[in-house]
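In: I would like the atomic coordinates for the input below:
(chains A and B)
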Amino acid sequence: EAGVAQSPRYKIIEKRQSVAFWCNPISGHATLYWYQQILGQGPKLLIQFQNNGVVDDSQLPKDRFSAERLKGVDSTLKIQPAKLEDSAVYLCASSLSAGGANEQFFGPGTRLTVL
Amino acid sequence: QKEVEQNSGPLSVPEGAIASLNCTYSDRGSQSFFWYRQYSGKSPELIMSIYSNGDKEDGRFTAQLNKASQYVSLLIRDSQPSDSATYLCASRQGSQGNLIFGKGTKLSVKP
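Out: The predicted structure follows:
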């Protein structure tokens, strides 16, 4: 079974530029998560999708971050414009459904450096 | 503000010893708890989940939960150098809440 796929793996941009990340969850997983992990900290949830609907985006900085999962499968996360403090690893995870005993499987992440 | 607190370490133990990792949480509504292992430069992977007070054992790993004290721990018996990683504790509020992660404890197992 293929795992969660993410691309690109690394991205370096200058502040005020825009960037987009892509995630393809495990086949059949209805729930998709985007996390931000700053160096030395645990992952912080940015947004959760259930199929193509947003379940929780309370911690998403909506003035600069956006995400979509139009067909309920793959997803993109965009930052526009980027700030220095956005330098982090962006992790995508998926699970069969939300909550309960459903394990979240993480992708390899995209390491973003904002100069 | 719901928080999960962990000592960042590093925690250093000799090979073959028991490593004890601890975590406290602030939200009494949290019902389930998870331990993830994260190797340097890699993504987190789930190693244990626990929902009820007491101990849960899986191979060399034992998770312990004390809801009255709002305390979760992970014991790793017969520690191996391959166990060297950062261990993230996470809590979930209710059955559908999102995961809240601690900052992680870095474990180093010395041969």
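In: Tell me how many other residues crowd the residue lying closest to residue A:41 once chain neighbours are set aside.
Out: Nearest residue to residue A:41 in three dimensions, chain neighbours excluded: residue B:103, at 5.1 Å (CB to CB, 6 or more residues apart in numbering or on different chains). C-beta here means a position set from N, CA and C on the backbone, and glycine is covered the same way. As a burial measure, residue B:103 scores 18 neighbours (other CB atoms under 10 Å in any protein chain shown).
In: so what's residue B:103 up against?
Out: A:40, A:41, A:42, B:6, B:8 (CB atoms under 8 Å, 6 or more residues apart in numbering or on different chains).
In: Pull out the buried residues from the residues you listed.
Out: A:42, B:6 (16 or more other CB atoms under 10 Å in any protein chain shown).
In: Same list (the contacts of residue B:103) but as CSV, adding distance to residue A:87, pLDDT and secondary structure.
Out: Output for the contacts of residue B:103, formatted as CSV (distance: CB to CB, whole Å; pLDDT from 0 to 100; DSSP: H, G, I helix; E, B strand; the rest coil):
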residue, distance to residue A:87, pLDDT, secondary structure
A:40, 12, 93, coil
A:41, 12, 95, coil
A:42, 16, 96, coil
B:6, 23, 96, strand
B:8, 20, 88, coil
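In: and of the contacts of residue B:103, the nearest to residue B:89?
Out: Nearest to residue B:89 among the contacts of residue B:103: residue B:6, at 5.5 Å, using CB to CB.
In: gap between that closest one and residue A:42?
Out: Using CB to CB, to the nearest Å, we find residue B:6 at a distance of 8 Å from residue A:42.
In: Would you mind listing the residues touching both of these two?
Out: Common neighbours of residue B:6 and residue A:42 (CB under 8 Å, 6+ apart) are B:88, B:102, B:103, B:104.
In: Find the pair from the contacts of residue B:103 with maximum spatial separation.
Out: Checking the contacts of residue B:103 with CB to CB, the most distant pair is A:40 and B:6, at 11.7 Å.
In: what about residue 46, neighbour count?
Out: As the question left the chain open, I've gone with chain A. Neighbours of residue A:46 (other CB under 10 Å): 20.
In: wrong chain, I was asking about chain B
Out: 15.
In: Okay, and the beta partners of it?
Out: When bridges are called by DSSP bridges, residue B:46 pairs up with residue B:36.
In: give me every residue that touches it.
Out: Contacts of residue B:46 by CB under 8 Å, 6+ apart are A:103, A:104, B:34, B:35, B:36.
In: mind checking which helix or strand the residue positioned nearest the centre of chain A is in?
Out: Taking CA atoms, centre = their mean as the criterion, residue A:34 is the residue nearest the geometric centre of chain A, at 2.8 Å. Assigned by DSSP states H and E, residue A:34 falls within strand A:31-37.
In: Moving C-terminal from that strand, which element do we reach first?
Out: strand A:44-50.
In: residues touching residue B:16, list them.
Out: Here residue B:16 is in contact with B:78, B:79 (CB under 8 Å, 6+ apart).
In: And the one 10 residues further on, by the same measure?
Out: Contacts for residue B:26 (CB under 8 Å, 6+ apart) come out as B:1, B:2, B:3, B:4, B:5, B:70.
In: Give me the subset of those residues lying in strands.
Out: B:4, B:5 (DSSP state E).
In: from the contacts of residue B:26, which would you call buried?
Out: Among the contacts of residue B:26, the ones that count as buried (16+ other CB under 10 Å) are B:4, B:70.
In: Need the worst-confidence member of the contacts of residue B:26.
Out: For the contacts of residue B:26, the weakest pLDDT value sits at residue B:1, with 71.
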